[in-house]
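1. Quick one, fold the following:
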Amino acid sequence: MDVSLFDYALPEERVALRPASPRDSARMLVVREDGSLAHARVRDLPDFLHNGDMLVANDSKVIPARLRARKVVPDGTGPMIELLLHKRTAPDRFLALVRPARKLRVHDELLFDHFRGVVLSKHFGEVEVMFDIKGAALDAAITRLGEMPLPPYIAKRRPADARDVQDYQTVFAARQGSSAAPTAGLHFTPELLARLRDAGMAREEVTLHVGPGTFLPVNATDTADHRMHSEWIHLDPETAERINACRARGGRIVAVGTTALRTLETAADADGNVHSCQGETNLFITPGYRFKTVDVLLTNFHLPRSTLFMLVAAFAGLDTMKCAYQAAIAENYRFYSYGDASLLLRPRE
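-> This is a model prediction of the structure:
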């Protein structure tokens, strides 16, 4: 498909720089099966779900993945380098996006406060760095020195600060590994989760470690030519069994975010049964995709021409989502990672 079909114009002031407070007070645009719209709040979510439905959320935890180091040169005047860690490859190694990339070569050394790293490989703007500490010691050093990796459209307007340490982490966060938040989960509070439980909705968690590729534009002119980035996923056998049992009882599967949806759809067979899995997924969902497992999707508003806008267009219909986004802009909804939410009820086939 022509990538320009997924374009839309967004006024810059619609980009949220801080989340709603409390989190579940964020607005929620409901897109029904027939394409009609309703305006609500995330705290109203129980009103749109059924007893017996199951929420599936992503439990990945964001690491403070943005690090700064000085390139080691004999006279001590090496340039400052910024790294965005995005995938661990060994206890002492990470893949990272780097800038300015032209300043680094293979075998260059980097000084990070009291520890060092060496560049093992470089491919365009990505490097693999081996550190001289590993495991828990490296984790502690990253936590101490790193910054929360705010998306580019926020970072260009303000720096990360102490509030983001809490704000850019979901209530589900448990497994360290993401360099970007699974943002649909940012809307949940313990109080909302309790109300959903009391209303008869089950909850399960899967893992997809979100990489910075989620913010990369689709530079191809046709979706068929786009190379999707891969991300690590995990779904255990017991979770798969409970999801399948919910579907067998007639309950709907409600994905909390596109990351949970992509994990479930990767793990599902042609009949919609979910199987345990662990490894990489590069599932790229565009209109025409046949969804096998997920019935309802709670998600944020996504960038134009992005793979995530293509996904929601596949889920609810391209024309429907274009109309929904225009309505959200007209009604002053807040967009992107810290913005408001949409609840998409998949049209019946």
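2. from here on, contacts and neighbour counts on C-alpha atoms
-> OK.
3. Going along the chain, name the helices of the stretch 101-250 of the chain.
-> 135-145, 152-155, 162-167, 190-198, 237-248 (DSSP state H, counting those that start in this stretch).
4. Looking at those helices, which is nearest to E280?
-> helix 237-248 (17.0 Å; C-alpha to C-alpha).
5. That closest one - contacts with which helices or strands?
-> Judged by 3 or more C-alpha pairs under 8 Å, 6 or more residues apart in numbering; DSSP states H and E, the packing partners of helix 237-248 are strand 202-208, strand 253-256.
6. Now do that helix against strand 202-208, angle only.
-> Interaxial angle of helix 237-248 relative to strand 202-208 (axes from the mean of the first three to the mean of the last three C-alpha atoms, to 10 degrees): 130 degrees.
7. List the buried residues of helix 237-248.
-> By neighbour count on 16 or more other C-alpha atoms under 10 Å, the buried set for helix 237-248 is T239, A240, R242, I243, N244, C246, R247.
8. Need the residues that contact it.
-> The set of residues external to helix 237-248 that reach it, using C-alpha atoms under 8 Å, 6 or more residues apart in numbering, is 52-54, 204-206, 252-253, 273-277.
9. returning to what we had before: right, and the helices of the stretch 101-250 of the chain - which one's nearest P100?
-> Relative to P100, the nearest member of the helices of the stretch 101-250 of the chain by C-alpha to C-alpha is helix 152-155, separated by 15.6 Å.
10. With just CA atoms, put the closest one into PDB.
-> What follows is helix 152-155 as a C-alpha-only set of coordinates in PDB (Å, rounded to 0.1, in the frame of the first residue of the first chain):
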ATOM      1  CA  PRO A 152      12.000  12.500  20.100                       C
ATOM      2  CA  TYR A 153       8.900  14.600  19.800                       C
ATOM      3  CA  ILE A 154       9.000  15.200  23.600                       C
ATOM      4  CA  ALA A 155      12.800  15.300  24.000                       C
END
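11. orientation of the strand ranked longest in the chain relative to helix 135-145 in degrees?
-> Longest strand in the chain, counting residues (DSSP state E): strand 80-90. Put simply, strand 80-90 runs at 150 degrees to helix 135-145, going by the same axes, to 10 degrees.
12. what distance separates the start and the end of stretch 296-314?
-> Start-to-end span of stretch 296-314 (C-alpha to C-alpha, to the nearest Å) is 13 Å.
13. let's have the chain start at 20 instead
-> Renumbered: residue one is now 20, and that last one reads stretch 315-333.
14. Now do the same for it: mean pLDDT, whole number.
-> Mean pLDDT, stretch 315-333: 97.
15. and what of stretch 344-357?
-> 98.
16. low-scoring stretches of this structure, by residue?
-> Applying pLDDT under 70 to the chain picks out residues 368.
17. where do the strands sit along the stretch 70-219 of the chain?
-> Using DSSP state E, counting those that start in this stretch, the strands of the stretch 70-219 of the chain run over residues 73-77, 79-81, 85-90, 99-109, 112-118, 128-131, 134-142, 145-150, 194-197.
18. among those, which is nearest G54?
-> The nearest among the strands of the stretch 70-219 of the chain, by C-alpha to C-alpha, is strand 73-77 at 22.0 Å.
19. Could you check the angle that closest one makes with helix 256-267?
-> Going by the same axes, to 10 degrees, strand 73-77 makes 140 degrees with helix 256-267.
20. tilt between strand 73-77 and helix 209-217?
-> Using the same axes, to 10 degrees: strand 73-77 against helix 209-217 is 150 degrees.
21. Run me through the strand neighbours of strand 73-77, direction for each.
-> strand 221-227 (parallel), strand 272-275 (parallel) (DSSP bridges).
22. ok so, going back, so which of the buried residues of helix 256-267 comes closest to R216?
-> C265 (14.6 Å).
23. which residues sit in contact with the residue in the chain sticking out farthest from the centre?
-> For the chain, the largest distance from the centre (C-alpha atoms, centre = their mean) belongs to D94, which lies 41.7 Å off. Shown in contact with D94 (C-alpha under 8 Å, 6+ apart): no residues.
24. And it, how far from H126?
-> Taking C-alpha to C-alpha, one finds D94 at 17 Å from H126.
25. do the same with A160
-> 22 Å.
26. Which of the strands paired with strand 73-77 sits closest to L29?
-> strand 272-275 (24.1 Å).
27. can you pull the contacts of D111?
-> M149, F150, D151, I152, K153, G154, L157.
28. Taking these, please make a PyMOL selection of just the buried ones.
-> The PyMOL command for the buried members of the contacts of D111 (criterion: 16+ other C-alpha under 10 Å) is given here:
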select buried, resi 149+150+152+157
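29. Just flag the most distant two among the contacts of D111.
-> Among the contacts of D111, M149 and G154 lie farthest apart (C-alpha to C-alpha), at 11.9 Å.
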